[in-house]
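*Asks:* sequence isn't available, so here's the structure alone:
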DNA sequence: TAGTGGTCTAGACCACGCC
DNA sequence: GCGTGGTCTAGACCACTAC
């Protein structure tokens, strides 16, 4: 039985109904939702269509299904937060960049060599100053495997965004980005670049991009002025369809 | 045609095949993958089964499908990183807690009142010291709507984890957790509690938990010792099935 | 008009959990 | 053995895109 009165698909309505019951507290964590057969009966739809609705709820993390038992309401999963780097720090503000240094790295600092770039491979280092509202907001250092014939300088200026840059620069396909956020005090040199005082606290964001073979393709290190960069995250990313 | 030789479902194999083609660079961002009919032909399976495989790829963010046109390979989405709070800072180390203060908040600090707890509602404030390896690692302040008959002190001690605590404490169902990560220097009082020096840089993690009606249910503020807490995130969370 | 993906059906057999 | 979810079929009609 199709309900052509509604523009939205039935399975979506089914999922939304159950979502409401969960978010209103009617269904609590650990409860079983009705079986697929029961839901099919209730909505007058076939089982495959019910399963489509169930799938949406599973994707959204609201329920978990166990073969042979049923679908259980999960406890609210607010511990997994999503950072959207494109929004972080910048907001809608346009960032500007000033190139400070480009070099072939020979004596690799610890944090690079320990990451296992292949021993003899050449590594390019790029240092930039990031401006926000015409004030220096962060110092950015990037390290990439040297790739013949890749016009680094151009791509550098073109792409603000580290993962995207790596994708353009490398032949290998980047598939993972790991990040560590920590804190440190500014060195005298860093303070000078950021036009602030030595020992000021700063946000340190380190990113490592990996290939599908789990080899590092690039490292990014950002040292951010404490008042000009914050990181935002939410458990409810826009990508959720429900 | 079912292939019963394999234990894994056919649609999963289909998805994995295409995933490999994407991650190896064989299929590039913007490329069209074969149509559902073609894939059904190639694997000897029905269209609904093909669609199940396509669905996995869509979930994983590797492709995007457009009605009437086809499914396109997306550019690598490494900008959306997932923080798993349960792993952050703590690792597998057991944290200990020391209760410093419990009070009914009357003169609400700005960061609370601006968040729009209902005007006259009572707010409970709890302050704890978090120990890691028997050393003070963070100062944690929580603010919750007062809920009659809710044994706050007990739940406080039981739940390390803020979202979970809110879920237990409130009748309303928490559905969203927003987080802001920033940096600040320790005040003399904070430094004393963390057994370190004044003006040391510290990681500041602020969380606000919202109900399904978008009303704040709780606020958490953590001030973390720079050497004892870091935040980790990855674009490749374990939840991904592909 | 032809080709594509989106929704939906009414079955089937299977693997798993429980009694 | 029975009920549950997991996989899969072979169709159908629809909406959208492109020509």
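*Replies:* Arrived safely, thanks for sending. Model, not experiment: these values are computed from the prediction.
*Asks:* pull up the residues of chain A that are close to DNA strand D.
*Replies:* Residues of chain A lying close to DNA strand D (C-beta under 7 Å from any atom of the strand) are A:35-38, A:47-48, A:51, A:54, A:65-71. All C-beta spots, glycine's among them, are computed from the backbone N, C-alpha and C.
*Asks:* which ones among those map onto strands?
*Replies:* Using DSSP state E, the members of the residues of chain A next to DNA strand D that fall in strands are A:65-66, A:70-71.
*Asks:* any weak-confidence spans in chain A?
*Replies:* A:1-6, A:87-92, A:107-121, A:148-160 (pLDDT under 70).
*Asks:* the helices in it, which residues?
*Replies:* For chain A, the helices defined by DSSP state H occupy A:10-23, A:36-43, A:47-59, A:110-113, A:152-158, A:162-169, A:188-193.
*Asks:* so what's residue A:129 closest to, chain neighbours aside?
*Replies:* Excluding its sequence neighbours, the residue lying closest to residue A:129 (C-beta to C-beta, 6 or more residues apart in numbering or on different chains) is residue A:98, at 4.4 Å.
*Asks:* outline the domain layout of chain A.
*Replies:* A:10-73, A:83-233 (automatic domain parsing).
*Asks:* dump those domains into CSV; add mean neighbour count and distance to residue B:170 as well.
*Replies:* Listed next are the domains of chain A as CSV, based on neighbours: other C-beta atoms under 10 Å in any protein chain shown; distance: least, C-beta to C-beta, whole Å:
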stretch, mean neighbour count, distance to residue B:170
domain A:10-73, 16, 10
domain A:83-233, 17, 22
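*Asks:* and DNA strand C, which of the ones you listed is closest to it?
*Replies:* domain A:10-73 (2.7 Å; C-beta to the nearest atom of the strand).
*Asks:* now the end-to-end length of that closest one.
*Replies:* Domain A:10-73 has an end-to-end distance of 21 Å (criterion: C-alpha to C-alpha, to the nearest Å).
*Asks:* same question, stretch A:32-52
*Replies:* End-to-end distance (C-alpha to C-alpha), stretch A:32-52: 18 Å.
*Asks:* centre of the chain to that stretch, how far?
*Replies:* Mean C-alpha position of stretch A:32-52 versus that of the full chain (C-alpha atoms, centre = their mean, to the nearest Å) differs by 35 Å.
*Asks:* how about stretch A:79-99?
*Replies:* 11 Å.
*Asks:* for stretch A:163-174, same thing?
*Replies:* 16 Å.
*Asks:* what about that stretch, near chain B?
*Replies:* Yes - residues of stretch A:163-174 contacting chain B under C-beta under 8 Å from any C-beta of the partner chain: A:163-164, A:167, A:171-174.
*Asks:* from one end of that stretch to the other, what's the distance?
*Replies:* Stretch A:163-174 end-to-end distance (C-alpha to C-alpha) = 8 Å.
*Asks:* can you give the contact residues for it?
*Replies:* With contacts defined as C-beta atoms under 8 Å, 6 or more residues apart in numbering or on different chains, stretch A:163-174 is touched by A:85, A:142, A:144-145, A:147, A:150, A:152, A:155-156, A:159, A:177, A:207, A:209-213, A:215, A:217-218, B:22-25, B:29, B:75-76, B:78-79, B:235.
*Asks:* what residues are bridge-paired with residue A:143?
*Replies:* residue A:125, residue A:219 (DSSP bridges).
*Asks:* pretty sure it is touching residue A:123, no?
*Replies:* Yes - the criterion here is C-beta atoms under 8 Å, and residue A:143 meets it with residue A:123 at 5.3 Å.
*Asks:* before we move on, back to that, just put the residues of stretch A:163-174 next to chain B in TSV and tack on distance to residue A:190.
*Replies:* Output for the residues of stretch A:163-174 next to chain B, formatted as TSV (distance: C-beta to C-beta, whole Å):
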residue	distance to residue A:190
A:163	24
A:164	26
A:167	29
A:171	34
A:172	32
A:173	34
A:174	28
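*Asks:* show me which of those residues is closest to residue A:93.
*Replies:* The shortest approach to residue A:93 among these belongs to residue A:164, at 18.6 Å (C-beta to C-beta).
*Asks:* for residue A:196, see how far away the closest one is.
*Replies:* 29 Å (C-beta to C-beta, to the nearest Å).
*Asks:* before we move on, the earlier item: out of the domains of chain A, flag the one nearest residue B:226.
*Replies:* So among these, domain A:83-233 is nearest, using C-beta to C-beta, at 4.4 Å.
*Asks:* and the closest one, how far from the chain's centre?
*Replies:* Using C-alpha atoms, centre = their mean, the offset of domain A:83-233 from its chain centre is 15 Å.
*Asks:* just send the domains of chain A back as a markdown table, with distance to residue B:13 too.
*Replies:* As requested, the domains of chain A are exported to a markdown table (distance: least, C-beta to C-beta, whole Å):
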| stretch | distance to residue B:13 |
| --- | --- |
| domain A:10-73 | 19 |
| domain A:83-233 | 18 |
